[in-house]
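Engineer: Here's my sequence, what's the structure:
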Amino acid sequence: MERKKGKRQLFLSFLVLFSALIGLISAEPAMSIGISSLSVLPAYLIATPYLTASYDFTANGYGSDTEPYVDGDLSKYMALSKPEIMGPYQKKFTATLSLPGDFNESAGMHHIMIGAREIVPPSAGGISVMTRVQSPLNVFVLYEGKYIDATLTTQNVNVNEIDDIKVTVVNLGKQFINMLKVKVDIYNASSVKIKELQESELGLESGKEKDFDFELNTTGMLAGDYTATATIDYDESLKDLSRKFIIGQMRVKVIDYTKRLYSGMINKFDIKAANEWNGIISSAYAEVNIYTPQKNLTSRTATENINPLGEAQFTGYIDANGTVPGDYPVKIDLFYEEDKSVERGTVSIVKPSEMFLPGNLWFIAGLAIGIILIILTFINVVLLLKRGKNDKAQEPPKI
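Structural biologist: Below you'll find the model as predicted:
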């Protein structure tokens, strides 16, 4: 009786799985709908009475059909054209923003979401999923009074180069700004001011922006980390910005290396190096010398490229066969761009048995987990075999 019940459950499970597969086969082909603008959308539009702006979009990759839509608190000011077929699974439409003369919305940034969604026909069988995609159009409503937004941009340079610093100021208030002053102070890593740059503008109209370009001559400045701090004075109101930048030098230095090796075997030796130059270092490599009483252990790494102000790892191999355990001096010569840097330190060579000492906790933990998994797997197999024998022994004898 129990065996018949088990067969019945197995048959029902197979039937459910078969039905699901039939549904998936008859489903609408899976597509990935997308939307893109045919022109570059602005970072934001300044809302003004009677403002009109139109942008063309394409929707593609949909299934049966698609339709455009808008969402957001300013969507009532948007109009969408009837989509035109451009090609297989591709339609074009135009989104037009039209603000009235008595436009009066809350100040600040508003987001209009222009999107496209799939249309799934009612007769579609199988499993159908309606998807949608969106592209934002940002509209900024000006504040009452005087209000600015500003950005500060710097760049990483090398010693004796010119650093271009830009401060962009936009008047996001409804009032005219009569006097605009921008001052940029340069501080070193010790927060000591070393240079000052300044420029003035007589006025800035509502909704307009102004770029202030400064050239910082780094001649005589040391390589290192710096901070540019911009102070914007607009009609006796202040706004401060700051941004860090680096003045680099043609130097690659070793910042870490393998400190422990094992005697009687070939060891991997890793070197981590940092590029202090704001440019790519090509074909750098390292030579390693470990001085032991028995012999000098040497290695040369493969060549590596290092990104501007980036880091790279160099790998070599040290043959420690016949080496007595102990602490030995090491010298690492790092060659780059017809120059080199030298790092001196100490390397410990230990017995291979010390790989299993309590200090190597990660190795011990991994080994313990592996052993436990093997034991649990063995126990599970034994229990399954024993259960199979018991089930066979309980079967009624055949007549």
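Engineer: and Ala150, what are its bridge partners?
Structural biologist: Per DSSP bridges, the residues bridged to Ala150 are Val169.
Engineer: What does the pLDDT read for it?
Structural biologist: Looking at Ala150, its pLDDT is 96.
Engineer: Lys239 is in contact with that one, correct?
Structural biologist: Yes. With contact defined as Cβ atoms under 8 Å, Ala150 reaches Lys239; the gap is 5.9 Å. The C-beta positions use only the backbone N, C-alpha and C, and glycine is treated the same way.
Engineer: got any residues that touch both of those two?
Structural biologist: Ile232 (Cβ atoms under 8 Å, 6 or more residues apart in numbering).
Engineer: So which of those two has more stuff around it?
Structural biologist: Ala150 (19 against 15; other Cβ atoms under 10 Å).
Engineer: How much space separates the more buried one from Asn278?
Structural biologist: The gap separating Ala150 from Asn278 is 26 Å, by Cβ to Cβ, to the nearest Å.
Engineer: try Thr323
Structural biologist: Thr323 is 41 Å from Asn278, by Cβ to Cβ.
Engineer: How about Phe176?
Structural biologist: Per Cβ to Cβ, Phe176 is found 41 Å from Asn278.
Engineer: Enumerate every residue touching the spatially most central residue of the chain.
Structural biologist: By Cα atoms, centre = their mean, the chain has its centre lying nearest to Gly310, at 16.0 Å. Residues in contact with Gly310, defined by Cβ under 8 Å, 6+ apart, are 274-275.
Engineer: try Leu309
Structural biologist: Neighbouring residues of Leu309 by Cβ under 8 Å, 6+ apart: 156, 246, 248, 275-278.
Engineer: Low-confidence ranges, the stretch 151-300 of the chain, go.
Structural biologist: For the stretch 151-300 of the chain, no stretch has pLDDT under 70.
Engineer: Quickly list what Lys244 is bridged to.
Structural biologist: On the basis of DSSP bridges, Lys244 takes part in beta bridges with Thr227.
Engineer: Report how many residues lie close to Thr58.
Structural biologist: Other residues lying near Thr58 total 18 when counted by other Cβ under 10 Å.
Engineer: Tell me if I'm right that it and Gly87 touch.
Structural biologist: No. Judged on Cβ under 8 Å, Thr58 makes no contact with Gly87 at a distance of 9.5 Å.
Engineer: how much space is there between Lys92 and Ala116?
Structural biologist: Relative to Ala116, Lys92 is positioned 11 Å away (Cβ to Cβ).
Engineer: what is in contact with those two at once?
Structural biologist: In contact with both Lys92 and Ala116: Phe57, using Cβ under 8 Å, 6+ apart.
Engineer: Which one's more surrounded, these two?
Structural biologist: A direct count of neighbours by other Cβ under 10 Å for Lys92 and Ala116 places Ala116 higher, at 25 against 17.
Engineer: Report the secondary structure element holding that one.
Structural biologist: strand 108-119 (DSSP states H and E).
Engineer: So for that strand, mean pLDDT?
Structural biologist: Computed over strand 108-119, the average pLDDT equals 92.
Engineer: which strands and helices sit next to that strand?
Structural biologist: On a contact count with 3 or more Cβ pairs under 8 Å, 6 or more residues apart in numbering; DSSP states H and E, strand 108-119 meets strand 34-37, strand 52-60, strand 65-71, strand 90-98, strand 132-141.
Engineer: hmm, who's touching it?
Structural biologist: Strand 108-119 has contacts (Cβ under 8 Å, 6+ apart) with 31, 33, 35, 44, 47, 55, 57, 59, 62-75, 78, 91, 95, 97, 130-141, 143.
Engineer: repeat that with 7 Å
Structural biologist: 33, 35, 44, 57, 59, 62-75, 78, 95, 130-141 (Cβ atoms under 7 Å, 6 or more residues apart in numbering).
Engineer: now that strand, how far from the chain's geometric center?
Structural biologist: In terms of Cα atoms, centre = their mean, to the nearest Å, the centre of strand 108-119 is found 25 Å from the chain centre.
Engineer: which of the residues in that strand are buried?
Structural biologist: Using 16 or more other Cβ atoms under 10 Å as the test for burial, strand 108-119 gives 110, 112-118.
Engineer: what's the answer for stretch 253-272, then?
Structural biologist: For stretch 253-272, by 16+ other Cβ under 10 Å, it's 254, 257-258, 261-263, 267, 269, 271.
Engineer: Tell me the one among these nearest to Asn289.
Structural biologist: Checking those against Asn289 with Cβ to Cβ, the nearest one is Phe269 at 11.2 Å.
Engineer: Thought Leu45 was touching Leu99, still the case?
Structural biologist: No. Counting by Cβ atoms under 7 Å, Leu99 does not reach Leu45; the two are 9.3 Å apart.
Engineer: did I read that right, Ile379 in a strand?
Structural biologist: No. Assessed with DSSP: H, G, I helix; E, B strand; the rest coil, Ile379 is helix; it does not lie in a strand.
Engineer: Many thanks, I have nothing further to ask.
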